[in-house]
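Asker: have a look; sequence and predicted model below, questions after that.
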Amino acid sequence: MAREVPLDKVRNIGIMAHIDAGKTTTTERILFYTGKTHRMGEVHEGSTSMDWMEQEKERGITITSAATTCFWNDHQVNIIDTPGHVDFTVEVERSLRVLDGAVAVFCAVGGVEPQSETVWRQANKYSVPRIAFINKMDRVGADFDRVVEMMKDRLGAHAVPVQLPIGKDETFEGVVDLIDMKAVRFDVESQGMDVLVDEVPAEMQADAKRARATLVEALAEVDDETFQLFADDQDPTAEQIRAGLRRGVNKAAIVPVLCGSAFKNKGVQPLLDGVVSYLPSPQERPALVAHLLNGDTVERAMDPAEPMAALVFKIMSDPHVKKLVYVRVYSGVLTKGAQVLNTARDKKARVGQILRMHAKKRDELDEARAGEIVAVVGLKDVVTGDTICDPKHPLLLERMVFPEPVIGVAVEPKSKADEDKLGEALQRLAEEDPTFRMNTDDDTGQLIISGMGELHLEVIVDRLRREFNVQANVGRPQVSYKESVSATTELETSFVRQTGGHGQFARIVLRVGPGASGSGLTFESKIKGGVIPAEFIPSVEKGVREGMDGGVLAGYPLTDLKVTLLDGSFHEVDSSELSFKIAGSMGVRDGARKASPVLLEPVMNVEVTVPSNYMGDVTGDLNSRRGKIAGMEQRNEEQIITASVPLSEMFGYATQLRSLTQGRAVYSMEFARYEPAPQAVVERITGGVLAPHGN
């Protein structure tokens, strides 16, 4: 049975950061100090509660977001620990979509790193209130002030410290709480369980007073009540500052910054205090705006008394119940055994079980109320982003949009027995992961699986072997190229077929040219005077979209096109939706052929952290990979190199980087954009001619 906690004392939070900033270690300490676990798990030992997959334990990274619930100071804290590796960025995206707040973890040495920027942008997209935790203050080179400045410069965050570190590197021993003006230290013998509160050290008194004044001034800029106290020259009380910070955080106007060392058990309890003090409850978030089936919008309060509405944000294969469906309940009460409507698919289903998850462990519930995040058993025909609701009050919540895969590999089963299992296993993995795709190559008949990077596909293949007992051969990684055009052309296309009965007739005039980057297809009709009946125009657009599935250079999908329907004609008897659809498909392909087709390749943003004495070797290697160096920055004893590099040139880079730097450099990579490929790449892929592929 659920522990009854008032909705105003519920916190739905995510832990987000760049890889290796200490998210999972921080979560493990939170679970320990809240009494959820009785032993601290360690990432390097593969013993954490949240990284429970075998692939996570072996690699020491988070791959799938894991949910858990704990309790602190009479508050229920629902936590999602998200991955930091860019290949699994979809896990962050869908988690932030359903959370009310987030803790952004930064490494005190590395500061704001590439994936830090990515997850920060994702949080901005969903207007998620945040607090920041600067971790690893015990590391050599830790610099609290520098990281705060990086947050302001790189993230545009209104970052304001509410703590100061006492000591740094190996002398880090605790924090100064600028709100209560007390020193907080953590007893080593009790694994940090005993928190020692004392006076601010004499040598830090002046710095602490200045920092507190800065905090109050920054809060006055974003909070009217604090501004009034500031204007009246009154010093706000600790309670007034916390209340002001809570208001400022809830409207994403300020980011309180805390610090500590999760690994050394210092600073985690004040972080928990910050979660319940500053981050909002579900009730404090804006009312849910949903769409009714007639197209109107409706606001639904975060209230158990409202009709039930929930969003499916994650699906997981499970050996015991086949499918676990994670949902965020936005309104009403989701009850075990109740019938619900999947509005997106117009299908009803019955809720078999409701589970509160602790990573892979679970507690069964009778119901889940507004504001809760739970897993449901019994919902079959659902995908990530679907809405489930009360059948008497149908509505649609805003769906999530996921990035397209950028890399693919061919897979084939090793035996007939594996062949039978492969399709089902891949289908279940595709249900889990919206950025994982599979398709059959028309030319070779090969099954191609596509994802966000080499590690992503490596994990997929590993899961096939371990979880589904499917043995498969895997080909070399293949880049997901696309095609577009660089010029504009106008052309007339006719589709005429005469048969024994009614024939087929359609004539259209299209203008085909380049569209905005990332736009896909922009279709416009300029038909006037009914030269083509209005009911046939959507068929032309549908045909154009289908025609873009295979390009004219090497059969890769066409993208970023602007297609305008200018003119045409029809036959009273022989014209049909099918004939205009076929004409649209033929027209866009003929137009692409005449409009100077170009091959587009995915380009990645790459950041390399390297000791200064290896700089020349690393930059030379990036240049040899057609990389464009965007910047270099000194950070302690290391250099940070940022560059744009085509994905096709980055295969095997991890091994080469280790070889060049004796294993002392690290890098991260994320998709940036598509760019026209150079002529040499086009010739290599097309064999030097315009391939008639798919014509």
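Answerer: Received, thanks.

Asker: for the protein, which strand is longest?
Answerer: strand 597-611 (DSSP state E).

Asker: and after that strand, which helix or strand comes next?
Answerer: helix 615-624 (DSSP states H and E).

Asker: buried ones in that following helix?
Answerer: By 16 or more other Cβ atoms under 10 Å, the buried positions in helix 615-624 come out as 615, 618-619, 621-622. C-beta coordinates here come from the backbone N, C-alpha and C atoms, glycine included.

Asker: might you report the residue contacts of Asp207?
Answerer: Leu164 (Cβ atoms under 8 Å, 6 or more residues apart in numbering).

Asker: now the helices: where do they sit in the stretch 451-600 of the chain?
Answerer: Counting by DSSP state H, counting those that start in this stretch, the stretch 451-600 of the chain has helices at residues 454-466, 537-547, 577-594.

Asker: before we move on, back to that, adjacent strands (with direction) for the longest strand of the chain?
Answerer: strand 482-485 (antiparallel), strand 638-646 (antiparallel), strand 666-676 (antiparallel) (DSSP bridges).

Asker: coming back round to it: now the buried residues of helix 615-624 in JSON lines, with pLDDT?
Answerer: Formatted as JSON lines, those follow (pLDDT from 0 to 100):
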{"residue": "Met615", "pLDDT": "91"}
{"residue": "Val618", "pLDDT": "94"}
{"residue": "Thr619", "pLDDT": "95"}
{"residue": "Asp621", "pLDDT": "95"}
{"residue": "Leu622", "pLDDT": "95"}
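
Asker: these into a markdown table, with extra columns for distance to Arg635?
Answerer: Compiled in a markdown table, the buried residues of helix 615-624 are given as follows (distance: Cβ to Cβ, whole Å):
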| residue | distance to Arg635 |
| --- | --- |
| Met615 | 13 |
| Val618 | 15 |
| Thr619 | 16 |
| Asp621 | 20 |
| Leu622 | 18 |
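
Asker: just the closest of those residues to Ser415, please.
Answerer: Nearest to Ser415 among those, counting by Cβ to Cβ, is Asp621 at 40.7 Å.

Asker: my guess is that closest one meets Leu660, correct?
Answerer: Yes: between Asp621 and Leu660 there is a contact under Cβ atoms under 8 Å: 6.2 Å.

Asker: any idea of the pLDDT on Pro319?
Answerer: Looking at Pro319, its pLDDT is 67.

Asker: what of Lys392?
Answerer: Looking at Lys392, the pLDDT reads 93.

Asker: list the contacts for it?
Answerer: Pro307.

Asker: ok, now how distant is it from Asp318?
Answerer: Separation of Lys392 from Asp318 (Cβ to Cβ, to the nearest Å) stands at 30 Å.

Asker: with Thr37 instead?
Answerer: Distance from Thr37 to Asp318, by Cβ to Cβ: 22 Å.

Asker: how about Leu96?
Answerer: 24 Å.

Asker: higher neighbour count, these two?
Answerer: Shown here are Leu96 and Asp318; by other Cβ atoms under 10 Å, Leu96 has more neighbours (24 against 16).

Asker: any idea which helix or strand carries that one?
Answerer: Leu96 belongs to helix 89-98 when elements are defined using DSSP H and E.

Asker: between strand 666-676 and that helix, find me the angle.
Answerer: Angle between the axes of helix 89-98 and strand 666-676 is 90 degrees (criterion: axes from the mean of the first three to the mean of the last three Cα atoms, to 10 degrees).

Asker: just checking, what packs against helix 89-98?
Answerer: Other helices and strands packing on helix 89-98, by 3 or more Cβ pairs under 8 Å, 6 or more residues apart in numbering; DSSP states H and E, are strand 10-17, helix 114-125, strand 309-318.

Asker: who's in contact with it?
Answerer: For helix 89-98, contacts defined as Cβ under 8 Å, 6+ apart pick out 12, 14, 16, 63-65, 80, 82-83, 102, 115, 118-119, 122-123, 125-126, 128, 311, 313-314, 328, 373, 384, 400, 402-403, 433-435, 452, 670.

Asker: what element comes up after the helix or strand bottoming out on mean pLDDT in the chain heading to the C-terminus?
Answerer: Least confident element among the helices and strands of the chain, by mean pLDDT, DSSP states H and E: helix 54-59 (a mean of 44). Past helix 54-59, further along toward the C-terminus, the next helix or strand under DSSP H and E is strand 66-72.

Asker: list the helices and strands the next helix or strand after that following strand packs on?
Answerer: Where DSSP H and E defines the elements, the next helix or strand beyond strand 66-72 is strand 75-81. Here strand 75-81 touches strand 10-17, helix 23-33, strand 66-72, helix 268-278, going by 3+ Cβ pairs under 8 Å, 6+ apart.

Asker: hmm, try it at 10 Å
Answerer: strand 10-17, helix 23-33, strand 66-72, helix 89-98, helix 268-278, strand 353-358, strand 373-377 (3 or more Cβ pairs under 10 Å, 6 or more residues apart in numbering; DSSP states H and E).

Asker: least confident of these, on average?
Answerer: helix 89-98 (a mean of 75).

Asker: now do it against strand 309-318, angle only.
Answerer: Interaxial angle, helix 89-98 versus strand 309-318 (the same axes, to 10 degrees): 150 degrees.

Asker: ok so, going back, so which of the strands paired with strand 597-611 is the most surrounded?
Answerer: Burial of the strands paired with strand 597-611 is given as mean neighbour count (mean count of other Cβ atoms under 10 Å); strand 482-485 ranks first at a mean of 24.

Asker: give me the angle between the longest strand of the chain and helix 114-125.
Answerer: 120 degrees.

Asker: so how far is strand 597-611 from its chain's centroid?
Answerer: The gap between where strand 597-611 is centred and where its chain is centred comes out at 19 Å by Cα atoms, centre = their mean, to the nearest Å.

Asker: tell me the average confidence for it?
Answerer: Here the average pLDDT along strand 597-611 is 90.

Asker: next one: stretch 37-51
Answerer: 50.

Asker: ditto for stretch 432-452
Answerer: 78.

Asker: now it, how far from the chain's geometric center?
Answerer: 21 Å.

Asker: same deal with stretch 677-689?
Answerer: 33 Å.

Asker: how about that stretch as PDB, C-alpha atoms only?
Answerer: The C-alpha coordinates for stretch 677-689 follow below in PDB (Å, rounded to 0.1, in the frame of the first residue of the first chain):
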ATOM      1  CA  ALA A 677      29.800  15.900 -47.700                       C
ATOM      2  CA  PRO A 678      33.000  16.600 -49.700                       C
ATOM      3  CA  GLN A 679      33.200  15.300 -53.300                       C
ATOM      4  CA  ALA A 680      35.700  12.500 -52.300                       C
ATOM      5  CA  VAL A 681      33.100  11.100 -49.900                       C
ATOM      6  CA  VAL A 682      30.300  11.400 -52.400                       C
ATOM      7  CA  GLU A 683      32.400   9.500 -55.000                       C
ATOM      8  CA  ARG A 684      33.300   6.800 -52.600                       C
ATOM      9  CA  ILE A 685      29.700   6.200 -51.600                       C
ATOM     10  CA  THR A 686      28.200   6.500 -55.100                       C
ATOM     11  CA  GLY A 687      31.000   4.900 -57.000                       C
ATOM     12  CA  GLY A 688      31.700   8.200 -58.800                       C
ATOM     13  CA  VAL A 689      28.400   8.400 -60.600                       C
END
